[in-house]
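S.K.: Fold the following.
(chains A and B, ligands or ions: 2)
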Amino acid sequence: MIISIASGKGGTGKTTVSLNLALSLNNPQFLDCDVEEPNAHLFLKPSIVSSETVSVPVPEVDESKCTFCGKCAEVCAYHAIAVIPSGERSRGKVLVFPNLCHGCGSCGLLCPCGAIKEAPRNIGTVERGVKGGIDFIHGSLNVGEAMSVPLIRRVKEHIESGKDVVIDAPPGTSCPMIAAVKGSDFCILVSEPTPFGLNDFVLAVEVLRKLKLPFGAVINRSDIGDSSLEDYCGKEEIPVLMRIPFSRKIAEAYSRGEIGDPVFQELRNDFRGMHERIRGLSAKGGRPA
Amino acid sequence: MKICITSAGETLDSAVDPRFGRCAYFIFLDTDTGNFQARNNPNAEFQGGAGIQSGQLMAAEGVSAVITGNIGPNAHQVLSASGIDIFTGVCGTVKEAIEGYKAGKYKPASAPNTGAKSGMREK
Ligand code: SF4
Ligand code: SF4
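M.R.: Ligands and ions are numbered 1, 2, ... in the order given. The predicted structure follows:
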C-alpha cells in the first residue's frame, strides 16, 4: 500500500508523522518528495548507496537556421520562449528561459526550420540509501531551480510494487504536491487546529477530492488552538486518524534530530494501529465506517 | 517614435501600472503625433512567463522605450536583447509619465529592479 503524507502548509509536523509511520512498518520504502527542502535524511540518517543526477531536455536554438517566425514561442504553454524579430534596434534572437521550460518538446516538433535541438539541463539529484529495514529514496532540487515535478516523478519511479510505501509530499497544494500524492492509495493530511491550519487544510481537502484520493487527517498539537478543525472533519466526514498532543519532549527530540528517541518509540504502536485503520479505510474509499 | 507605458486604465489620465508583465493595459504612444492606443495586456493572468511574453510583445510592436514601475529579471533580459530602453520607478498618471519622459527626467534602467513573479496578483 502506498500512503502519502501531505499538509496544506509547511511546519505542521508532516515529516515527523511520515518518519514515524515508516519506522512502525516492516521493510517499507520511504520517499522524501519534498525535493525543495528534503529533511527526512537529517532524522533518519540513512547510508546512501546510490545517486543519480536528473535532467530535463531544454531546447537549444541554432539561430543560423532560424527565421524568427515565432512558432516556438506561440506553442510553448509555459511561456518559456521569446522570439525577437530582427529590426532596427536588434538582430533577430530566440531567448529560451530554461527555468520555465518543462521539457515537453513541442517547440522542437513545431519548428518549421529544424532549428531546435534538445540539450539536457541538470535539475537535481536522486539518492537511495538504507537505514534499518527502510529503503530510503529522496530527491534534492538544485538551488534556485523551479522545476520540481520531473524530479518528484523520478523519485517515485523507485517504488517497488507490493511494498509498503510512505511518501513525504511537499507542503502546499500546487503541482509538486499533486505530483507527489498522485497514484497513492491513501493520503494523510497533517494539520494543526488553528484558523490558519484549517484554511490550508480545506484547500488540501479540495485538491484530494478532485484527485479522488481517499484521505484522513492527523491533528498535530491537538491540544492547542480551537475545535474548528475537528468540527470541519466531523461535518465533512473526514476520519481523524490520530491526535498528537503537544509535547515538549517530542519538540525537543525533534529539534535534536532524534527520531529514534524513546518518546517516539511510545508513538510507534499508535502509528501501527493507524496503518491498520488506513488499510481498512482505503478499501472503503476513505469514508469512516 | 513609438513608446509604451504600462497603465492601470485605458486613458492618459490613468495611473501608471507599477507591474510590467502583469499590468492591466499597455498604452502605445507615437511621440511624434501624440496618437496613442490602449491595449489590454493578454499576458496579465499567466502563471509564469508574463514578463517574457510582454517583452516579446514590445519587440514585435517595435517600441523603442518602455516606461513602467518595476521590471523583473526575465522581462529585463527580453527588452535589453531587443534593444529597448527601460525606464523604471515611474509613478503618477500616464500623462505625467509621458511629460517626464519627454523632458528627459528618467534614466534608463540597466538592471531589473524586482524579482520574478513580483507582479502576481494575490489570490
Ligand atoms: S519556430 Fe524555429 S524558426 Fe521559428 S522562431 Fe522558433 S526556432 Fe526560429
Ligand atoms: S520544450 Fe516545451 S516547455 Fe520547453 S520551451 Fe519548448 S515548448 Fe516550452
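S.K.: dump the residue contacts of residue 111.
M.R.: Just going to use chain A. A:66, A:71-72 (CB atoms under 8 Å, 6 or more residues apart in numbering or on different chains). C-beta coordinates here come from the backbone N, C-alpha and C atoms, glycine included.
S.K.: ah, no, chain B please
M.R.: B:Ala111 neighbours (CB under 8 Å, 6+ apart): B:His76.
S.K.: ok, it to chain A distance?
M.R.: When CB to the nearest CB, to the nearest Å is the yardstick, B:Ala111 and chain A sit 17 Å from each other.
S.K.: Kindly tell me how buried the closest residue to B:Phe87 other than its chain neighbours is, as a neighbour count.
M.R.: Among residues not flanking B:Phe87 along the chain, B:Tyr106 sits closest, at 4.2 Å (CB to CB, 6 or more residues apart in numbering or on different chains). By other CB atoms under 10 Å in any protein chain shown, the residues close to B:Tyr106 number 17.
S.K.: repeat for A:Lys249
M.R.: 12.
S.K.: Where does it sit: helix, strand or coil?
M.R.: The three-state assignment at A:Lys249 reads helix, by DSSP: H, G, I helix; E, B strand; the rest coil.
S.K.: Next one, pLDDT for it please.
M.R.: Note on A:Lys249: pLDDT of 74.
S.K.: same thing with B:Ile3?
M.R.: B:Ile3 is given a pLDDT of 97.
S.K.: Thought B:Tyr101 was touching it, still the case?
M.R.: Yes - the criterion here is CB atoms under 8 Å, and B:Ile3 meets it with B:Tyr101 at 6.9 Å.
S.K.: Of these two, which one has the most company?
M.R.: B:Ile3 (23 against 19).
S.K.: What ranges does the chain have for its helices?
M.R.: You didn't say which chain, so I picked chain A. A:14-23, A:40-44, A:71-75, A:106-110, A:148-156, A:175-181, A:195-210, A:228-235, A:248-255, A:262-283 (DSSP state H).
S.K.: Not quite, go with chain B.
M.R.: B:50-61, B:73-81, B:94-102.
S.K.: Compare those helices and give me the one nearest A:Ser255.
M.R.: When these are compared by CB to CB, helix B:73-81 sits nearest A:Ser255, at 36.6 Å.
S.K.: Need the residues that contact that closest one.
M.R.: Against helix B:73-81 from outside (CB under 8 Å, 6+ apart): A:82, A:84, A:90, A:93, A:95, A:97, A:100, B:20-21, B:49, B:51-52, B:54-56, B:58-59, B:66, B:71, B:86, B:109, B:111-112, B:115-116.
S.K.: Mark which of the residues you listed are part of strands, please.
M.R.: Mapping these onto strands (DSSP state E) picks out A:82, A:84, A:93, A:95, B:66, B:86.
S.K.: Next, count neighbours for the second one.
M.R.: Read it as A:Ile84. Counted with other CB under 10 Å, A:Ile84 comes out at 26.
S.K.: Tell me what it is bridged to.
M.R.: A:Lys93 (DSSP bridges).
S.K.: residues contacting it?
M.R.: Contacts of A:Ile84 by CB under 8 Å, 6+ apart are A:68, A:90, A:92-95, B:56, B:59, B:78, B:81-82.
S.K.: wait, doesn't A:Ile137 sit right on A:Cys33?
M.R.: No - contact criterion CB under 8 Å: A:Ile137 and A:Cys33 do not qualify, at 9.1 Å.
S.K.: low-scoring pLDDT stretches of the chain, where are they?
M.R.: Using chain A. Residues of chain A meeting the criterion pLDDT under 70: A:259-263, A:285-289.
S.K.: To clarify, I was referring to chain B.
M.R.: B:121-123.
S.K.: Please list all residues in contact with the residue in it that ligand 2 sits nearest to.
M.R.: Nearest to ligand 2 in chain B, going by CB to the nearest ligand atom, is B:Gly49, at a distance of 9.1 Å. B:Gly49 makes contacts with A:76, A:78-80, A:97, A:100, B:43, B:74, as judged by CB under 8 Å, 6+ apart.
S.K.: Out of those residues, flag the one nearest to ligand 2.
M.R.: Set against ligand 2, the nearest of the contacts of B:Gly49 by CB to the nearest ligand atom is A:Cys76 (3.2 Å).
S.K.: Can you tell me the number of residues neighbouring the closest one?
M.R.: 24.
S.K.: just B:Ala81 next, same as before
M.R.: The burial count for B:Ala81: 18, using other CB under 10 Å.
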